[in-house]
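Student: Model the structure of this input:
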Amino acid sequence: MLGLGSNITSISKVGTSIVTDGLVLKHDYRVAPVQPVSSGAAFFDGTNDFINLESRPGIIGHKSITAWVYMTANQRGAILRFGDVMVEMTTATEVTVWADVFHSTGDGDTPTALNNWRHIAATLEVSGDDSIIKVYADGVFIESTTVSDSVPDTSLRTGTIGSYQGSRYFSGYICNVGLWSGKVLSQPQVKSIMQKDYAGLSNSEKTDLVSWWNLDNPAETYVGGSGYVYDNHYGGSTALSNDQNVDTAANTAGTNWTTSADWVVDNGIATLSGTTNNQDIRETTASLTQGTWYKVSLDVTFDAGSGELYIGSSGFANNSGNYATITHATGSGSYEVFFRSAISSDGETFNIRGKNTSGATFTVTIDNITIQKINGNTGTLS
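Tutor: Okay, the predicted model is just below:
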C-alpha cells in the first residue's frame, strides 16, 4: 500500500545497506558525488499504488522532468506522466522518455536503480514538429535522441506519479519530482537540482517550474482511507493558506450560518441536539473554491447518542469524496480533517451535516472551526 515515509532511513527495510550522513545518501557511482535526497519518500508497491495529480493548464513547449528513484523490483514502472509526456523505468537500467505517449520514445541506459537511489532527469526540446530528448542519470548526460512528429498535446492535462493508466506500476520509492514547462534544463542545472529539495532550489531553478513534489511528509487521511500529497511549488511554497474562516462570537445563526432545526449557533459554538437525521449547518456566504482541497481544524464534543459529522462543501451529499467523516466512536477531541469541495456551485459553501445513526437523541458540540485552503496541485494517494 502506498505511503509516505517520514524518514528516508526507512528504505533500509528492503534489505539494502544505505549509509546516511544527515539527509545525504551515499552510493558508489563515482561520477556522481554524494548528494542529499530528502527526509522521506513515497513508497509504491508495484501492484496498484500511484499518485493521481489534478489537472494543470499551460504545459506547453519545452519540458524538463527530474526525480529521485529507488526500485525494489526490476519491473517496468512510470515515474511521472503529465498529459502526453512520460518518463518511466523500462527496466532497472533503462529510462524511456515518451515525447508523445501515442507515438515516440527516446531511451537511455543508466546505472542500475534496483536497490539503489538514482537521480533521473529528462529534457524535451521542441524543434518544429520534433522533440530532442536528453536523458541524465545522477547528473551525468546519458543519451540524446530526436523523435519525429512528437509535439505533445497542449490542452488541460492531468497526470500521475508511479503509474500509467492503470498499468506500469512503479515498485519502490520516489521523491523530489519536478516538472518544468517551457524550459530545457542544462546539465549543470540538472546536477545542481539533484542535490536539493524544493526549499533548496534557487530562484532561477524555479523559473518555469510548474510543480514540485518533495513527497517527504506523511500522508494525511480523508474519507475512504486515502490521502493527498502537497505540490510544494504550484500555488505557493507553503502547504496551507492563512486561516480562511475562524469562528468567533459573531458567528451566530442568521448572520454567518444557515441551520437546520436541531442546530443552534451561539457565541461561536455550534450545538446539534435531536433525533432528526441529516441536519445541516451551512455558511451563508460562499467562501470556498470549487474542486479545491481544504483542511479543517475543529474541536468536537460528543455528549449523547450515536452519530456522525460530515464535513465538506454543501454539495457533498451527492459525492462521498467531497467530505470528511468524524464519528462518535472516535470520541471527543480536537480534529484535523480534509475534504475536496464539489465541482459545482455547491462546492463554494462550507457545510457540516449531523447524521443520527441510532434514532435516539444525538447531541454534539463544535467549537474553534478553522478552514485552510491547501495550496497548489495536490495529488491523491490511491
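Student: And the helices in this protein, which stretches?
Tutor: Using DSSP state H, the helices found in the chain span residues 187-193, 203-206.
Student: contacting residues around the shortest one?
Tutor: Translated: helix 203-206. Where contact means C-beta atoms under 8 Å, 6 or more residues apart in numbering, the residues beyond helix 203-206 that reach it are Gln189, Ser192, Ile193, Lys196, His233. All C-beta spots, glycine's among them, are computed from the backbone N, C-alpha and C.
Student: Out of those, give me the one that has the most neighbours.
Tutor: Counting neighbours by other C-beta atoms under 10 Å, Ile193 leads these with 24 neighbours.
Student: could you list every residue that touches that one?
Tutor: Applying C-beta under 8 Å, 6+ apart, one finds that Ile193 lies in contact with Thr66, Ala121, Gly178, Leu185, Leu201, Glu205.
Student: per-residue pLDDT, it?
Tutor: With respect to pLDDT, Ile193 scores 95.
Student: mind showing which ranges of the stretch 251-382 of the chain have poor pLDDT?
Tutor: Per-residue confidence of the stretch 251-382 of the chain (counting by pLDDT under 70) places the weak regions at 251-255, 315-321, 374-382.
Student: go again using 50 as the cut-off
Tutor: Within the stretch 251-382 of the chain, the stretches falling below the threshold (pLDDT under 50) are 252-254, 318-319, 382.
Student: burial measure for Met62, as a count.
Tutor: Just so we're on the same page, residue 62 is His rather than Met. Burial measure for His62: 18 neighbouring residues, criterion other C-beta under 10 Å.
Student: From Ile132, how far out is the closest residue to it other than its chain neighbours?
Tutor: Across the structure, with C-beta to C-beta, 6 or more residues apart in numbering as the measure, the residue nearest His62 apart from its sequence neighbours is Val184 (4.7 Å). Distance of Val184 to Ile132, given as C-beta to C-beta, to the nearest Å: 8 Å.
Student: and for the two, which residues touch both?
Tutor: Listed as contacting both Val184 and Ile132 by C-beta under 8 Å, 6+ apart are Leu124, Glu125.
Student: Can you tell me which of the helices of the chain is most buried?
Tutor: Comparing the helices of the chain by mean neighbour count (mean count of other C-beta atoms under 10 Å), helix 187-193 comes out on top with a mean of 18.
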